[in-house]
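In: no sequence for this one, just the structure:
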C-alpha cells in the first residue's frame, strides 16, 4: 500500500510525458519514436581510436529530435523506463542490417561496464539495459561479467581526444576467466565520442580470444 502511494505521489508531482509531443503516459510515445531517423549505414572506422574493434555501428544522429533529451534523461536523470524505447531504436537498426545480409548474428552480447560506485548511484547500467533488449529480441546470449572496471576515473565530459584516451587507459580487466576463442561479440554502449572507452573494453575481449568485436551505440556525440 505504501509503495503504491509513493508511486502515485511521484507520478502526480513528476508526471510521465512524452519528450516529443507531451502526451501523458510514456517518455517516448511510439509515434515520436518513429520520427527518430536511423542511419542507413552507420559504420564508423577511425584508427587508432578503435583499433581493437572491427568497427562501430552508430544507429542514429545525436541531433535527431528528442534523442539527445532522451539520452540525457536515461543516463543522468535515472529514467530507466527510457531503456525500452531506446532499445527499440537499436533493434530497428539491427533488423535492417540483418535484412540487408550485413549481420548474421553474434555469439555473445556484452556492455561497457560501470564502476560499482557509479552503478550504485545511478541504480542501473544503461548499456546493459540496451543490450538486454537486443538479446531478448534476437536470441543472442548476453553476459555482463566479461569486463570490469578496475577503478573510478574522471568523467570523460569536456576532455579532449588525447585526454580521453589517457583517462581510460588500463582501467578495464577481464571479469571472469572465460574462453572467448573464435567468438563474435557485440559490444554495446549508449553514446560514443572518440571511441576510447569502447576500444579499451574491446582490447580486453581481444586478449581473451575474441575473433570479431563490433561496437553498437545509439549516437556519436
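Out: Yep, that arrived. Everything numeric in this text was worked out from a predicted model, so none of it was measured.
In: so which bits of the lengthiest helix in the chain are buried?
Out: Counting by DSSP state H, the longest helix found in the chain is helix 82-99. Neighbour-count burial for helix 82-99 flags 82-83, 85-94, 96-97 (criterion: 16 or more other Cβ atoms under 10 Å). In short, each C-beta sits where N, CA and C put it, glycine included.
In: so for it, what's the average pLDDT?
Out: Averaging pLDDT along helix 82-99 gives 96.
In: same question, stretch 15-33
Out: Here the average pLDDT along stretch 15-33 is 91.
In: for stretch 184-200, same thing?
Out: pLDDT averaged over stretch 184-200 gives 93.
In: tell me how the chain divides into domains.
Out: 1-34, 36-220 (automatic domain parsing).
In: any idea which of the ones you listed has the lowest pLDDT on average?
Out: Taking the mean pLDDT of these, domain 1-34 comes last: a mean of 76.
In: all helices of this structure, in order?
Out: Counting by DSSP H, the helices of the chain are 2-13, 30-34, 67-75, 82-99, 116-122, 126-138, 161-168, 196-207.
In: Throw those helices into TSV and include distance to residue 183, thanks.
Out: TSV is the format used below for these (distance: least, Cβ to Cβ, whole Å):
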stretch	distance to residue 183
helix 2-13	42
helix 30-34	32
helix 67-75	28
helix 82-99	18
helix 116-122	25
helix 126-138	15
helix 161-168	23
helix 196-207	8
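In: looking at these, which is nearest to residue 44?
Out: Smallest distance to residue 44 across these (Cβ to Cβ): 10.3 Å, for helix 196-207.
In: same for that closest one, what does it pack against?
Out: strand 147-149, helix 161-168, strand 172-174, strand 184-188, strand 212-217 (3 or more Cβ pairs under 8 Å, 6 or more residues apart in numbering; DSSP states H and E).
In: at 6 Å instead, please
Out: Judged by 3 or more Cβ pairs under 6 Å, 6 or more residues apart in numbering; DSSP states H and E, the packing partners of helix 196-207 are helix 161-168, strand 172-174, strand 212-217.
In: can you list contacts of that helix?
Out: 49-50, 52-53, 112, 147, 164-165, 168, 172, 174, 185, 187, 189, 213, 215 (Cβ atoms under 6 Å, 6 or more residues apart in numbering).
In: can you check stretch 20-27 too?
Out: Contacts for stretch 20-27 (Cβ under 6 Å, 6+ apart): 17-18, 29, 32, 66, 81-82.
In: next: stretch 114-131.
Out: 74-75, 78, 80, 83, 87, 90, 109, 111-112, 142, 144, 149, 152, 188-190.
In: what angle separates the longest helix of the chain from helix 126-138?
Out: Counting by axes from the mean of the first three to the mean of the last three Cα atoms, to 10 degrees, helix 82-99 lies at 50 degrees to helix 126-138.
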